[in-house]
Structure formats: structure tokens, C-alpha cells
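Student: Give me a model of this one.
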Amino acid sequence: MSGPAVGQSSEITVEGGGSDIWNDADEFHYYFTDVGANFDAAVRVDSVEDTDEYAKAGLMLRESLDADAKNVMARTTPDHTTLQWRPTAGGDSTSLTSDAGEGESELDGGTIDAAWQRLVRNGDTIRAYASEDGTNWTLVAELSLSFGESAFLGLAVTSHNTGTLCEATFSNLAGVAPVESRDVGDVDVAGSASGRSSGETGPLIVTGSATDVTSSSATVSSTVSSLGGASSVTVAVEYRESGGSWTTSAPDTVTEPGAVDVALTGLSPETDYEYRAVAEASDGGSDSGAIASFTTPEVDTNPSVTTGAVVDTASSSATLSGTLEALGGQAAEALVSFEYRETGAEAWNASGGRSLSEPGEFETTIYGLASETEYEFRAIVEADDGDTDAGSTATFSTTAATGTGGGSHFDLEDGFADADWFDDSVEVIKVGADFDEIEAAFTKDSKRLIVFEESGVIDLAGADLSITYGDCWVAGQTAPSPGITFINGMVQVEQDNTVVEHIRVLRGDRSGGEGTDPMNSRDGANNVIFNHCSVFWGRDENMSIGYDSTDTTIANCMIAEGLEDPEENSNGTLVGDGADNVAILGTIYAKNNDRNPRLKSGTRTVVVNGLNFYHDKAIWIDDGAEAAVVGNAYIHRFSFRDPLVFGDGSVYMDDNYVADPPLDGRPFSDVGTSLDSPPLWPSGLEALPAGDVESHNKTFAGARPADRISQEEKIVQQITDRWGSLDVDPNEENAGLSDIPDSVAEAGGYPDHGGTTHTLEVPDSGLREWLEGWAVAVEEGGSPP
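Tutor: Numbering: from 1, shown residues only. As a prediction, the model looks like this:
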């Protein structure tokens, strides 16, 4: 293949000292200029003085003049030619003859005996070639490295012998015209460059990037790297529409090297511009930087939204409508939502949102409203370019409470598990807030319903409280206010056909490695339902599903504050290998660093309408696992190191949204296979729109949504307030960098809410309806049956 036009044959001599160009910092002499994102440069290395077997000479592309800068060098030693590079500033160098770099080589052994070198840059792709005659070129390697809009290119020489100069001679330099000669790094003996650089060098200016680009303006940066012996340099920017005539900005005079920013105004929208920094020294010298480019966007216009009608109202909810009339001139998508408040109130409440990529109508259902109350509402839009709009304010009134219906969108049997085994023939076991009574009921071998005539806090003292026989329904909703709360231990389901609902478990500081959860199901347990449970402060996960289990549902739960420190830290849910037909519905995952949830190999899971708040990793899915991830909201994520859904598994994804902060161009998912349809789905299940999820789950998730204790109220308020610091790395030193609590004390301490008693009159028939009445009382408020 042909190379760049051969330059003048005049000889260039560069003398360089220094210990080496290698490891994490360099010492050498550099004869160079700045170049843009594309170039094709070649040179013949006529000789390299043998000051050491690793004396080096050749073309070098360099990100900066710092000793530890990112660079690529076509190096010729007294023995051979090869390629070396430092991929990151301050990082270790490698080469085609090193273990870390040999995989990039197109040459056997990584070296070639050739006098000609060539470097070609096209954006982030850098190719190195070698030749014996300057006409026929052999590809040495191709690298993918980012150097920005401009960088330095020239001839570099190091002696690899501290205190000694190495003389290298070059000829036929083409594709680059060096203007500056200097030592880089802590070189003991000053180097020099002759030939075309003989005499005193002129100023050196580097074209920088364009920022704050609008439809009519831009800020262009430049750097005066050297005054070239002059007392001052006048700096300006030349710019033009691509292919047009140059216009020069107002000049700025500097007396020392440094950055100079220039504001360009009066630009045309949707236009390609070229620009370059230029310098005129006080002694007559001059320099021009590399040409770079930017494109102005279309004229910015604001998004437009209108408030629509109230589609439906009930005693505690309302469905609101609006229309996104326009995205705005520079937006690709916009987040639409509603603000609402009781008429006359000062502060607005915010609904969940959803992203739209084109104008159109949208609806959101608001939950948790007061009955027979007038509300104001308005539609809101925030475009991804930061522009906002609000519709006009309208009103609606909720209806009178009926005492029936309503409640969570999700019933306990909306997943794959069912309660067909339960009927009026079950044994009813009444217990108080007493460990011994509860343990006896949990471990009794009978088909049974466990109801509570006392509320309170039960200290498990580090023990596991296990349901050792199946056909068991634990009905925490039957306890008087404020319900049943277990602390300092775990509640575990070991057997099939089990329902656990309306209880709380807050584990605590005691660490025990794997399985130290507040609540879980044992390996092989089938047809298990966890409904309206609050689980906090786990040391492994907060709520997990056993390996090789079938038909498990987690519905309407609050899974929060997995403790961060010291090990096995802050995880939400692990779905164990081989678990099939798992449904996680309408659940809050709040302040868990990881596993929200973690789907192991061979699992099949639906994750529907989850509200995920203040976390790092969300859904992590292994190879061989399948999942449907539908209608979930990811709010106030504190770290975006990974996509929200990632791993080697197969996933169907639909109607999920990310807000506060938004994705902002980051990927939502990176999975092995993205599916076009759900690999599994519970019969009859209908997902809520993702925009309804925050309001719905804050209203209905947890053990007793209408009768919450302070730990649960705190979580709901923190979600509303968008509590917690962002942009932290929870895995650095593995503790304390996010605001997730490390300990029970940091989380506010165990609850001590005391308890009350009542006498239950359990009917002989209609037990399911009776339990539903108690559930409505603690989920929505009102009188029990």
C-alpha cells in the first residue's frame, strides 16, 4: 500500500537523553507539533546511536507533554523496529514484544527489520506500519485508543542511559511538520533537534475542544504550550463554515504558557464549522494549531405539555391525562409526569414519570389520596436537554370511601404460586407476640392458618424461625396495630404450600455469611407466597428464593437497607440456581447496593412493576437464566458503573424507566440475548404502566401500608425526597461510601413499638374473605371485619 507523500530528504538529527520511554513515566527529547484527529505520517530512521540496546527513536503520538502521558510510539532500537504504547495516563507501558501487548501484533515475534516507520490516525483507530523502501508497507498493529480532537506528533529519542545523549538521524519526514523541540520528563542532559528545527523555535499553540455549543455560539479552547522565546503571544481562533473563508476572533495576548478560551458568537444553526487556534509571537514567530470541527444544533425550543382530563377517580386514587405537544428543538426524548396537591396546599407532590420520544397523550394513576377531597394537578415535562414546561392547573375530587375494593394492583395469587390448598377445613391457630407460641405454630404438622391476637416486637436473638411443615398460612394482618415485627433473626419457609403475609423482619448486625437474610425460602420449597412483607437489615440478602424451587411469588413487599459493612454486603434478593416460575411484583427495593434482584443460572423470573431506589446494581442475570423485566421504575441510582439490567442471560424488557438522574445516554441493558417476547408470564397478569409504579408502590408496599412503623415511613419519605448522595463507588474499600447504613445503629435502631391485644372471632366458613377483610384494613385503612 502507498504511504504519505515523501517529504524532503534533508536530514534531521535529534539528540535525546533520559532513562527510557517506558513503565509509567518517560524521559526523552521530543521534536513535535500538534495534530488533529486524522493524519498519516512517515519517516525513515537512518541511524540510532547504540547507547543501550533499548535506546529508542521514532514517531510518537502523545496526548500531552506530561511525563506520564498516554502515547503511541513506533520505536526503532539499534536492533529492530516495533510498536509500544501507554494506553492510559499514568499507566504501564506495553509493546508488541510484551505479554500484555503481543496479542495486538500483526508480526511474528512482534518486531521487524525495517528503517521506515509510519503512523496513521483515523479518530480512535491508530495503525502502525513499517517498510524497507518507503513504498511497500507492512501493517505492524492496529490499536483503538482515544486521544481527543488534537494531540502531539513528532520524533522522540531516548538514550536509555541516564546522563548520556543518544544521537538519532531521520530523513524523508512526511505528514507532519515539527515546530517545537524540548525535553519531556526529568532528563539529566538536555537534548536538541537540528535540521529543519535548527535555530530558535517559534511559539507552539494547540487547538482544543469546542464546548457549550448552541445553535448560535460555541466556546473553543486552545493551549499555548510555548512562547518560543518571545515575551508575549497573541492568541485567536480562526473559524469558518466547512469549505468557506476563515474568520478570526478577537485576539487575546498572553505572557506565559496556558489555556485560552475563545467565545464564538453569531453562528448559524445546524451548520458544520472548522476551527483552529493561531498564535503570533512578539518576536515575529507564529503557529497554527490543528484544524478541528463542531456542528451547531438546530435552534432550541422548549417542550410543550398540556394538562388533560381526569380519566377516572375513586376514593383513594385518580387517573390523570395529559398531552406532550412538542419535545423541543434539541431533545430526543422527554420525561412526562404530573404534580398534584390538595387544593390550597403549598407544596406539590410528584407522580412517577415515563419517557416519550415523540408527542402524544399519556396517563398516570395516582394512589394514596384522601377520600372526598379536592385536588389540583398539572402535567409536567422535562426534556433530555434540560428544558421544562408545565401545563395549566386543573382540579378533581375523590369519591367517598366504600370500605371495599381498591388496594394494591397485585393480589397474592397474581404470580405463579397459588393458595388452592387452602380451604375452610384448615386448623386455626391463635398466637400472641410470643416466640414460643409462634414457633410451635410454625413447626406443627397440620394444614393450618396462624392468626395473631397480639402485636409487638419479637426478638429472635439471632435464631432462625422456620416453617418446617407446609400447608401453612401466616396472616400477620390479623394482629392488632401496629402488627408483628421480628428482629435480630430470620423467618424461613422450608416447605411447600406456604403463604407469609403482613409481617416485618429486621435482621441486624450479626454476620454469618451466606443465608443471613431476614426472610427467605429454603432450597426446593415449592408454591410459596411472600405478600406484603417488610424485610430490612440483612447481612447476605434481604429476601431470597431457594435453589431448585418452583412457583414462588414476592408481591407488595418492602425490601430495604441491606447493611453495607463489613462483608456479604447490602443485597436485595437472590433467586437461587434452578428456581423456576418466580414472580416479583409491585415491590420496593430501597437502599440495597446490589442484587435487586440477582437471577442465577437456570432461573426463570418475571420482575414486574418494581420501584428501585438508591442502589448500584439492579438486575444481574446469569447465563442460562431467563427473565421478563416489565414496567419497573429505577429512581435515584447512586452509581452507573453497570447497566440497569446486565449479564449473560436472556431478557425481555418493556416499559421501564430511569429518573433522578436519568440515563443521560448510558445504556439501560447489556445482556446475552434481548428477547422479543416474554419467556414466561403468569396467566392473567396485567402490568401497570411504569409511570404509575412510584405512587402505587409507595402507597401499597410493605407489611401494613396503612399502619406503618417509623422504619417503613422513613423509606417512603426518602424515596419522595430523593434522599442520598450520588456518584459514589460502593466497592472501593467495600464500605461506607454510599449512604446505605452500615449497621442497625446507623439505620436508626431496632423498633420498639410495643403492642396491643384483641380477641379474634374466626368464622367457620369464608376464611379467605375474612382474611381479605383484615388485609384491606391494614393496606388501605378502615375497620377490620
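
Student: Chain neighbours aside, what residue packs nearest to the most centrally placed residue in the chain?
Tutor: For the chain, the residue nearest the mean C-alpha position is residue 640 (1.7 Å; C-alpha atoms, centre = their mean). Once flanking residues are discounted, residue 640 sits nearest to residue 666: 5.3 Å by C-beta to C-beta, 6 or more residues apart in numbering. Every C-beta, even on glycine, is put in place using the N, C-alpha and C of the backbone.

Student: That neighbour is in contact with residue 641, isn't it?
Tutor: No: using C-beta atoms under 8 Å, residue 666 makes no contact with residue 641, being 10.0 Å away.

Student: Give me the more crowded residue out of those two.
Tutor: The neighbour comparison of residue 666 against residue 641 (other C-beta atoms under 10 Å) goes to residue 666, with 13 against 10.

Student: could you say which helix or strand contains that one?
Tutor: Following DSSP states H and E, one finds residue 666 outside all helices and strands.

Student: In three-state terms, label the residue nearest to the centre of the chain for me.
Tutor: Residue 640 falls in the coil class when you classify it by DSSP: H, G, I helix; E, B strand; the rest coil.

Student: From residue 463, how far off is residue 472?
Tutor: From residue 472 across to residue 463, the span is 18 Å (C-beta to C-beta, to the nearest Å).

Student: who's more crowded, those two?
Tutor: The residue with more neighbours, out of residue 472 and residue 463, is residue 472; 28 against 12, by other C-beta under 10 Å.

Student: got the contact list for the more buried one?
Tutor: Neighbour list for residue 472: 442, 447, 448, 450, 495, 497, 498, 499 [criterion: C-beta atoms under 8 Å, 6 or more residues apart in numbering].

Student: Does the last one touch residue 418 like I think?
Tutor: Going back to what we said before, that points to residue 499. No: using C-beta under 8 Å as the test, residue 499 is too far from residue 418 to be in contact (9.8 Å).

Student: Compare these two (neighbour count), which wins?
Tutor: A count of neighbours by other C-beta under 10 Å puts residue 499 above the other of residue 499 and residue 418, at 26 against 16.

Student: Let me know the pLDDT of that one.
Tutor: As predicted, residue 499 sits at a pLDDT of 99.

Student: quick one: low-confidence ranges for the stretch 251-400 of the chain?
Tutor: For the stretch 251-400 of the chain, no stretch has pLDDT under 70.

Student: Can you list phi and psi of residue 440 for me?
Tutor: For residue 440, the backbone dihedrals (degrees, to the nearest 10) come out as phi -60, psi -40.

Student: Please apply the same query to residue 424.
Tutor: Per-residue torsions, residue 424: phi -70, psi 0 (degrees, to the nearest 10).

Student: cool, residue 54 as well?
Tutor: Residue 54 has phi and psi values of phi -110, psi 20 when expressed as degrees, to the nearest 10.

Student: Identify the residue spatially nearest to it, adjacent ones excluded.
Tutor: Residue 54's closest residue in space is residue 160 (C-beta to C-beta, 6+ apart), at 4.5 Å.

Student: Roughly how far does the one you found sit from residue 27?
Tutor: Using C-beta to C-beta, one obtains 9 Å as the distance from residue 160 to residue 27.

Student: joint contacts of the two?
Tutor: The contact sets of residue 160 and residue 27 overlap at 18, 19, 20 (C-beta under 8 Å, 6+ apart).

Student: Highest neighbour count among those residues?
Tutor: Ranked by the number of neighbours (other C-beta under 10 Å), those place residue 18 first, at 31 neighbours.

Student: Pull the contacting residues for that residue.
Tutor: By C-beta under 8 Å, 6+ apart, the residues touching residue 18 are 26-29, 158-160, 162, 183, 185, 187-188, 191.

Student: same check, this time on residue 628
Tutor: Residue 628 makes contact with 605, 606, 607, 608, 651, 652, 653, 678, 679, 680, 681, according to C-beta under 8 Å, 6+ apart.

Student: That one sits in which helix or strand?
Tutor: Judged by DSSP H and E, residue 628 forms part of strand 626-630.

Student: what about the residue nearest to residue 640, distance to residue 656?
Tutor: From residue 666 to residue 656 the distance is 14 Å (C-beta to C-beta).

Student: And residue 326, by the same measure?
Tutor: Using C-beta to C-beta, residue 326 is found at 25 Å from residue 656.
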